[in-house]
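Engineer: After the sequence you'll find the predicted model.
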Amino acid sequence: MLSKEFEQLSMGETSESSDSGQENESVVSSPSTSSSKEPLDFGRNGYFPVTNGLCLRNQYKFLSLLGSGSFATVHKVEDLEAKSTVAMKIGRSGEMACKKEIEILELVSGGHENVVQFMGHFSVFGPYGKHSVMVFELLGSDLSTILKLAKKPLSLSTIRKYSKDVLKGLDFIHTKCGVVHRDIKPENLMISETGTLKIGDFGLAVLSSEGCTRFAGTCEYMAPELFLGSAISFPVDLWSFGCTLFGMVNRFKLFGRGATKNLDIDEKFDMVFDEHSIFESNPEPWLSPDDLIKKCPMMEKEEAETISNLLKKLLDSDPNKRLTAREALEHPFFIDR
């Protein structure tokens, strides 16, 4: 059975992004009289206390809370100087992970339309210590929200568009930056007002050259080799994308618990720790064209066969046989349309 330590994996907070900036320290100005308290008690556990109307550096005015995670909170903020609205991510006090995240963001940002834009960073002191602050372009919804609100499966043209955007972004961060994201999932895939999908939240990202083996990520989307302590490299992101693509096709998680999954997550652990592969012992009925058509009746047989083939190549239990992002972009699912 799945142990509690696996059940408590970081979920990775939702974030939006943009480019460069000097490390500066800042003090907090008083909130305006019209401010209203956020529903979350930010003061606990080292979070920076925020109220709507609070202004940082006499420039950034807090408007609303966008999300919160294990290591940071994300806010919708008005940039009074630029007269624009941005997203701001504030790390917990003393979070060393923010330093690494900023280094990664400066590597990947500004170089590709399918990576969120990082606009800069600075530090702020609060009652609980020093916090890293990151400023990003403000995007719209994330893919997870879109899937939850959809009353019917996404159209194949939309799935194809979003998938190409993810793969193009992954190809860029892998081949041009040497970065492994480690937390590709619908919650971290942001959609702009023009419909462009962008990869966000690089809080768990690492450089492939570091040979990192630290266990981290979102369990439902983690590649099997991560549970063996293998050095982390690009194939882990393609596995995660495969799980995400499966979810786009039928609106259910591939791995998970309860009614919203196809395979119980314990089966992934059986695959790794019982030294056998469900991918070999089971003819992938959950990836078969017939099963995909059951979940999405409007799908043509030929389309289902093409998606099934792509999924199997992304979800190969051997990372050395898994498609790269560039190879996936050359799959018939994309080039025949």
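Structural biologist: Arrived safely.
Engineer: Could you use CA atoms for every contact and neighbour count after this?
Structural biologist: Fine.
Engineer: Now do stretch 197-209, average pLDDT.
Structural biologist: Per-residue pLDDT values over stretch 197-209 give a mean of 94.
Engineer: How about residues contacting that stretch?
Structural biologist: Here stretch 197-209 makes contact (Cα atoms under 8 Å, 6 or more residues apart in numbering) with 12-17, 97-98, 100-101, 104-105, 113-116, 162, 165-166, 169, 178-184, 188-192, 212, 216-217, 232-234.
Engineer: and what of stretch 73-83?
Structural biologist: Stretch 73-83 is contacted from outside by 13-15, 47, 58-68, 84-91, 138, using Cα under 8 Å, 6+ apart.
Engineer: Buried residues of it, list them for me.
Structural biologist: Within stretch 73-83, the residues that count as buried by 16 or more other Cα atoms under 10 Å are 73-79.
Engineer: ok so, going back, filter the contacts of stretch 73-83 down to the ones in strands?
Structural biologist: Judged by DSSP state E, strands contain the following of those: 60-68, 84-91.
Engineer: Out of the residues you listed, which end up buried?
Structural biologist: With burial judged by 16+ other Cα under 10 Å, the buried subset of these is 60-65, 68, 85-91.
Engineer: Which strands or helices does the longest helix along the chain pack on?
Structural biologist: Ranked by number of residues, the top helix in the chain under DSSP state H is helix 156-175. Applying 3 or more Cα pairs under 8 Å, 6 or more residues apart in numbering; DSSP states H and E, one finds that helix 156-175 contacts strand 179-180, strand 197-199, helix 235-250, helix 325-329, helix 332-335.
Engineer: Can you tell me which of these is packed in deepest?
Structural biologist: Using mean count of other Cα atoms under 10 Å, the stretch among those with the largest mean neighbour count is strand 197-199, at a mean of 28.
Engineer: Okay, and the beta partners of residue 62?
Structural biologist: According to DSSP bridges, the partner residues bridging residue 62 are residue 77.
Engineer: these two touch, right, it and residue 53?
Structural biologist: Yes - contact criterion Cα atoms under 8 Å: residue 62 and residue 53 qualify, at 5.2 Å.
Engineer: follow-up on the earlier one: and the longest helix of the chain, which residues are buried?
Structural biologist: Buried residues in helix 156-175, counting neighbours by 16+ other Cα under 10 Å, are found at 156, 160, 162-174.
Engineer: tell me the mean pLDDT over that helix?
Structural biologist: Computed over helix 156-175, the mean pLDDT rounds to 97.
Engineer: Please compute how far that helix lies from its chain's middle.
Structural biologist: Counting by Cα atoms, centre = their mean, to the nearest Å, helix 156-175 is centred 13 Å from the centre of its parent chain.
Engineer: Quick one: mean pLDDT over the helix or strand where residue 254 lies.
Structural biologist: Using DSSP states H and E, residue 254 sits within strand 253-256. In this model, strand 253-256 has a mean pLDDT of 74.
Engineer: Over to stretch 65-79?
Structural biologist: 90.
Engineer: Pull out the CA atoms of it and give them to me as PDB.
Structural biologist: In PDB, the C-alpha atoms belonging to stretch 65-79 read as follows (Å, rounded to 0.1, in the frame of the first residue of the first chain):
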ATOM      1  CA  LEU A  65      -5.300  35.700  -3.600                       C
ATOM      2  CA  LEU A  66      -4.800  33.400  -6.600                       C
ATOM      3  CA  GLY A  67      -3.500  30.300  -4.800                       C
ATOM      4  CA  SER A  68      -1.400  28.900  -2.000                       C
ATOM      5  CA  GLY A  69       0.900  25.900  -1.700                       C
ATOM      6  CA  SER A  70       3.300  24.200   0.600                       C
ATOM      7  CA  PHE A  71       6.100  26.700   0.000                       C
ATOM      8  CA  ALA A  72       4.500  30.000  -1.200                       C
ATOM      9  CA  THR A  73       1.400  32.000  -1.800                       C
ATOM     10  CA  VAL A  74       0.400  33.600  -5.200                       C
ATOM     11  CA  HIS A  75      -1.500  36.900  -5.600                       C
ATOM     12  CA  LYS A  76      -3.000  39.100  -8.200                       C
ATOM     13  CA  VAL A  77      -1.300  42.400  -7.900                       C
ATOM     14  CA  GLU A  78      -1.500  45.900  -9.500                       C
ATOM     15  CA  ASP A  79       1.800  47.300 -10.600                       C
END
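Engineer: now the closest residue to residue 229 other than its chain neighbours: how far from residue 145?
Structural biologist: Nearest non-adjacent residue to residue 229, counting by Cα to Cα, 6 or more residues apart in numbering: residue 213, 5.4 Å away. Using Cα to Cα, to the nearest Å, we find residue 213 at a distance of 31 Å from residue 145.
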